[in-house]
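Participant: Take a look and give me a structure for this.
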Amino acid sequence: MVRTRVGYSGGTKENPTYHDLGDHMETVQIDYDPTQITYQELLDIFWESHNPAQQAWSRQYMTAVFYLNDEQEVLITETRDRESAEIQGKVYTQILPASEFYLAEDYHQKYWLQNEPAIVTEYREIYPDTANFVASTAAARVNGYLRGYGTVTQLEAELNGLGLSSEGSARLLEIVRALHR
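Facilitator: Model prediction:
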């Protein structure tokens, strides 16, 4: 991933907030490098990362995937149909055209990273402006590792490029190793 941001999309209310979402859903916006991962591979990860047979109890938490063009819509529909055949049941995941994305409040951004004080402190020093912190590829990568995405081997290969001190790097490795035990 190049970067991720959390926010709100899929609704009609202007400038939604966490406490006043209107008809929006909580969403994640992903920027990726198609020379590193394909859209199809992203869809495979998406389908593996949730239970498409589970119906949401509210629109806020509804599972959806948004498309930007006809090609994406076709790929999403094909993968949805594959999932439906695999589970032999109804898929509740919605397929929707992309609409305006509203960035969530700062405290929602890079959630897993913000829960690691020693590491987030280093990134806050590197990126004192919140917009730069949210847009940071390194912060997005570390947030993913802290959530359990990526292997120890992958982290070791890119650790020197993440901008952390030796102490921060050691702490991140310690956490990721513990997640994969």
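Participant: Helices along the protein, start to end?
Facilitator: Ranges of helices in the chain, per DSSP state H, are 39-48, 70-87, 111-114, 117-126, 130-135, 137-147, 152-158, 166-179.
Participant: and the last one, what does it pack onto?
Facilitator: This points to helix 166-179. Using 3 or more C-beta pairs under 8 Å, 6 or more residues apart in numbering; DSSP states H and E, the elements in contact with helix 166-179 are helix 117-126, helix 137-147, helix 152-158. C-beta here means a position set from N, CA and C on the backbone, and glycine is covered the same way.
Participant: Show me what the first one is in contact with.
Facilitator: Applying C-beta atoms under 8 Å, 6 or more residues apart in numbering, the contact partners of helix 117-126 are 110, 113-114, 133, 136, 138-139, 142, 146, 163-165, 167-168, 171-172.
Participant: average pLDDT for stretch 150-170?
Facilitator: Averaging pLDDT along stretch 150-170 yields 96.
Participant: List the buried residues of that stretch.
Facilitator: Buried residues in stretch 150-170, defined by neighbour count with 16 or more other C-beta atoms under 10 Å: 150, 155, 159, 162-164, 168-169.
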